[in-house]
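Enquirer: Provide a 3D model corresponding to the input given below.
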Amino acid sequence: MRLAVLFSGGKDSTYAAALMAQQGHELNRLVSIVPDDPDSWLFHTPNLHLLPSLASAIRVPLVIERSESNESCELEALRKALEGLDVDGVVAGAIASDYQWDRYNGVCEGLGLRVFSPLWRKDQAMLLRDMADAGMRSIIVRASAEGLDASWLGRELDPKAIDELVALSRSKGINPSGEGGEYETLALDSPIHRYPLRIVEQKKITARDGGSLLVEKVSKGARKVR
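Expert: Here you go, the predicted model:
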């Protein structure tokens, strides 16, 4: 099937796309919504200025739609971005958020598009480990939960970090995958990347509980041998 990917550049949308590609589906478009509100409940917002570089690394055409800061405008932007695309379905990286799931499905149903959510309801600790085993390289670019201080910014989700997140989920009650907004990520490499990305310039913005990492510039890593 020809699929559009709801793409943020984070680990979940990237890994969901990789799983669908591994099943033999064609990734026809990357669809990204850029809200005015950095605290959007529907869409990932950190480092969206990097979307063209991320799409180039995956070599799938990118569609960007900007949106005003409210739910109805964001959903209308999603509908506008998807309508008219020559695709059979849409890939979403949702894991456990019924709020996102219901709204994505509502828009896609109205357009006659099937939604594929290969991460939906998976065990979150297992999912993080599967990502690492598959060759995903993702870093934390926003931290906003108890137990996730500024030292987590820029940290790669390697096996050690995953073990610590799982421990925090037990002691603090966070979602280990960050599905509750505890943290957000930037995927620098994955099974569908033609080449990895390297951070050239970055800036840490710290806050009382965590903060954010502004990745100002990335460059191409060595091209993969296929």
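
Enquirer: if I look at Arg208, how far off is Gly89?
Expert: Using C-beta to C-beta, to the nearest Å, one gets 42 Å for the distance from Arg208 to Gly89. Just so you know, the C-beta spots here come from the backbone N, C-alpha and C atoms, and that holds for glycine as well.

Enquirer: who has more neighbours, the two?
Expert: More neighbours surround Gly89 than the other of Arg208 and Gly89, with 18 against 8 (other C-beta atoms under 10 Å).

Enquirer: gap between that one and Glu83?
Expert: As defined by C-beta to C-beta, Gly89 lies at a distance of 14 Å from Glu83.

Enquirer: repeat for Trp41
Expert: Distance check for Trp41 against Glu83: by C-beta to C-beta, it reads 23 Å.

Enquirer: what's the answer for Ile95, then?
Expert: If you measure Ile95 against Glu83 using C-beta to C-beta, the figure is 26 Å.

Enquirer: higher neighbour count, those two?
Expert: A count of neighbours by other C-beta under 10 Å puts Ile95 above the other of Ile95 and Glu83, at 22 against 12.

Enquirer: any idea how far the more buried one lies from Glu65?
Expert: Using C-beta to C-beta, one gets 23 Å for the distance from Ile95 to Glu65.

Enquirer: Pro38 now?
Expert: Counting by C-beta to C-beta, the gap from Pro38 to Glu65 is 17 Å.
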